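J.: using only what follows, build the 3D model:
(one chain, ligands or ions: 11)
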Amino acid sequence: MSKPRIQFHILTLVILTFALFTIGVFSLAPPVSAEENPCLTCHAKIKEPQFVHAAVALGCQTCHKTVEGKSHPAEKQSIVLIQNLPGVCFTCHTQSKFQEKTVHSPVLSGTCTGCHDPHSSNVKKLLTNKMPGLCFNCHKESAFKGKYDHAPVYGGMCPACHSPHSSPNQKLLVSPSPEVCYTCHEKSKFNKKYVHAVVKLGCDSCHDPHKGDYINLLLKQPVELCLSCHPNKNDGRHIVNVPTEKIHPISGVKDPSVAWTKKIPDPDRPGYEIEVPDPDKPGQELTCFSCHDPHSSDYRKLFPVKNICKKCHVYY
Ligand code: HEC
Ligand code: HEC
Ligand code: HEC
Ligand code: HEC
Ligand code: HEC
Ligand code: HEC
Ligand code: HEC
Ligand code: HEC
Ligand code: HEC
Ligand code: HEC
Ligand code: HEC
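T.: Ligands and ions are numbered 1, 2, ... in the order given. Purely as a prediction, here's the structure:
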């Protein structure tokens, strides 16, 4: 982080000196008011928004030049960029940050102004629109909306996972999957003694990173998801040799280990409590992950506890 900044400040200094010489202003304060910057008498709007690009304070000439022989504003194209986009930005901003292995299409085409106002904006980072609306200018919003949302997506935190510019990883990810998920989700839940083989490959074999039609952003109905890779686990017999030779249910019944009631004050007996069904916990159905942690575990076969049967039964 520090290296580009030093390089940056030297460049800024060089350009500042250059700009001051060319426009012949030697005051220490950069020309920001209309009296000091004649361009602003007509283009005052540039300075109105809350955030003004630091480069604007250095003078319009850092990026614009008058075409010789043309008068402004009488003639069209009388004022042009000193260099085409995105080159004009790279006179100050480190170009290599925009040229990593995966480059975002609008950056590749030099369309910085698709997302940034070069002068000023009421949105941080000079963005032309708030997040995530900015991304939805080009990406279809419906692709990010499901029955269940992932909090950071609608929180507009796309940059928590994607670089808007370029990245050494596929899909512009700021770090490869699953590492990118551990910036917010505690890694210790996913790297216990026994790790489910697929978790090491990333989270996307089971979760959609953006939204989901199934609870927990799962790609399929829970049991269906597990069976898609473990098709032979649908015979009901893998759950040990159930003593009575009955087939153990894997769905269709409530999981007795999940609390689904809560205590509220008893309206009839002050000081006492009664147990009522919790409307927020409709009672989870028994599923594969009632007996196996989908991520990792300290016990064999990904059991969430050492003696799996005791989780729900007294006698087995
Ligand atoms: C007398 C008023 C006035 C002044 C002073 C002025 N401009 Fe303009 N400028 C205009 C008008 C009017 C337009 C045309 C706007 C339009 O077409 O919508 C314009 C257009 C532009 C454009 C768009 C490109 C073009 O040529 O149409 C740029 C860039 C620009 N001005 C930069 C500058 C800079 C830099 C300065 C100071 C060196 C400056 N202007 C000073 C009035 C002015
Ligand atoms: C950091 C570089 C930079 C600085 C500094 C800068 N501009 Fe610009 N300006 C641009 C770019 C980039 C465009 C868009 C050109 C394009 O899309 O072809 C632009 C476009 C414009 C336009 C036409 C479009 C619009 O937004 O209205 C005007 C007018 C303009 N600039 C005026 C100014 C004035 C006046 C200043 C100084 C107060 C200034 N600019 C400083 C980069 C800059
Ligand atoms: C004359 C040098 C210069 C040029 C040219 C320049 N910038 Fe900047 N830019 C700066 C400086 C200085 C900062 C402030 C850096 C900081 O705060 O660390 C900055 C900050 C920014 C920021 C962050 C703003 C924020 O609020 O944090 C964006 C976005 C940006 N520039 C985009 C651009 C784009 C797009 C271009 C090309 C159109 C461009 N810059 C050209 C000097 C420049
Ligand atoms: C697809 C939209 C998009 C495009 C295109 C884009 N940017 Fe950005 N840029 C962003 C977003 C979003 C941020 C804020 C990132 C954040 O909040 O972490 C940003 C941040 C920045 C910053 C601030 C420093 C930083 O990394 O936070 C600079 C400087 C910048 N952009 C310059 C540019 C330049 C130069 C170009 C063209 C080569 C460009 N951007 C193209 C969306 C874009
Ligand atoms: C100016 C239009 C535009 C904007 C704004 C934009 N994108 Fe994109 N983005 C594209 C295009 C075009 C592609 C390439 C699509 C393709 O290849 O199918 C793309 C591709 C992507 C990809 C996939 C990259 C890959 O290597 O497959 C990601 C991730 C992405 N964008 C994230 C974002 C985020 C996050 C934002 C908001 C900060 C954003 N985009 C805003 C135009 C845009
Ligand atoms: C929690 C992290 C995270 C957040 C937040 C996030 N993404 Fe993604 N995104 C991913 C991952 C991981 C992938 C790769 C999925 C894959 O490879 O199947 C991806 C893929 C993409 C793609 C490529 C899709 C494709 O099929 O190639 C686009 C475009 C995209 N994201 C845009 C966005 C936009 C826009 C936002 C904000 C509205 C956003 N993402 C927020 C993690 C995230
Ligand atoms: C920027 C922070 C952030 C990142 C990065 C992130 N998440 Fe999340 N995630 C959250 C938050 C916040 C919640 C909501 C937590 C809650 O409600 O308790 C959440 C919830 C979830 C949920 C549960 C969803 C539900 O409906 O309750 C899943 C599954 C999930 N994230 C998967 C992922 C995956 C996979 C990745 C990596 C691609 C990832 N997350 C990266 C912040 C993040
Ligand atoms: C084999 C499929 C699978 C993989 C791979 C997977 N998950 Fe999950 N995940 C699930 C299932 C199933 C649930 C629901 C568990 C439950 O409700 O008890 C879940 C729940 C979650 C939750 C919400 C509940 C909680 O434990 O906080 C988060 C967050 C989460 N996963 C994140 C991730 C992350 C991050 C990765 C990658 C490191 C990942 N998952 C990989 C299947 C998977
Ligand atoms: C994308 C494929 C995939 C999905 C989806 C998947 N698994 Fe797995 N699972 C594997 C692989 C690969 C292994 C390791 C090879 C093996 O033992 O068959 C494994 C192993 C296991 C093991 C044995 C672990 C051990 O230590 O012996 C259990 C238990 C398990 N998975 C349960 C589940 C459950 C429960 C689900 C649904 C939440 C699920 N799996 C979803 C691929 C998957
Ligand atoms: C009631 C608890 C329970 C449920 C529900 C359950 N399992 Fe198991 N599972 C077990 C037990 C116990 C074993 C260990 C059997 C043994 O010791 O060989 C096991 C073993 C496994 C293994 C490892 C098999 C091997 O050969 O090592 C996989 C994979 C597996 N289960 C997947 C699933 C899937 C997929 C589901 C949902 C369709 C599921 N389980 C539902 C208790 C359960
Ligand atoms: C997550 C909770 C859970 C775990 C763990 C679990 N079971 Fe069950 N078990 C159930 C439920 C629920 C039923 C169905 C009860 C009903 O139909 O009323 C059941 C039914 C049974 C039955 C049939 C009993 C009957 O009366 O019909 C046997 C036998 C059984 N389980 C054995 C086991 C064994 C052995 C283990 C350990 C390998 C185990 N269970 C682990 C929840 C669990």
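J.: which residues in the stretch 1-150 of the chain form strands?
T.: According to DSSP state E, counting those that start in this stretch, the stretch 1-150 of the chain carries its strands in the segments 51-52, 64-66, 79-81, 102-103, 120-121, 148-149.
J.: so which of the ones you listed is nearest ligand 7?
T.: Taking CB to the nearest ligand atom, strand 148-149 is the member of the strands of the stretch 1-150 of the chain nearest to ligand 7, at 4.6 Å. C-beta: built from backbone N, CA, C; applies to glycine.
J.: ok so, going back, pipe the strands of the stretch 1-150 of the chain into JSON lines and attach distance to Pro231, mean pLDDT and mean neighbour count per row.
T.: As requested, those are exported to JSON lines (distance: least, CB to CB, whole Å; pLDDT from 0 to 100; neighbours: other CB atoms under 10 Å):
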{"stretch": "strand 51-52", "distance to Pro231": "56", "mean pLDDT": "96", "mean neighbour count": "16"}
{"stretch": "strand 64-66", "distance to Pro231": "65", "mean pLDDT": "96", "mean neighbour count": "14"}
{"stretch": "strand 79-81", "distance to Pro231": "61", "mean pLDDT": "96", "mean neighbour count": "13"}
{"stretch": "strand 102-103", "distance to Pro231": "35", "mean pLDDT": "98", "mean neighbour count": "16"}
{"stretch": "strand 120-121", "distance to Pro231": "53", "mean pLDDT": "98", "mean neighbour count": "17"}
{"stretch": "strand 148-149", "distance to Pro231": "26", "mean pLDDT": "94", "mean neighbour count": "14"}
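J.: please name whichever of these is nearest to Lys262.
T.: strand 148-149 (23.0 Å; CB to CB).
J.: and that closest one, which strands flank it?
T.: Applying DSSP bridges, strand 148-149 is found paired with strand 211-212 (antiparallel).
J.: which residues are in contact with the strand it pairs with?
T.: Phe144, Lys145, Gly146, Lys147, Tyr148, Asp149, His150, Val153, Leu217, Leu218, Leu219 (CB atoms under 8 Å, 6 or more residues apart in numbering).
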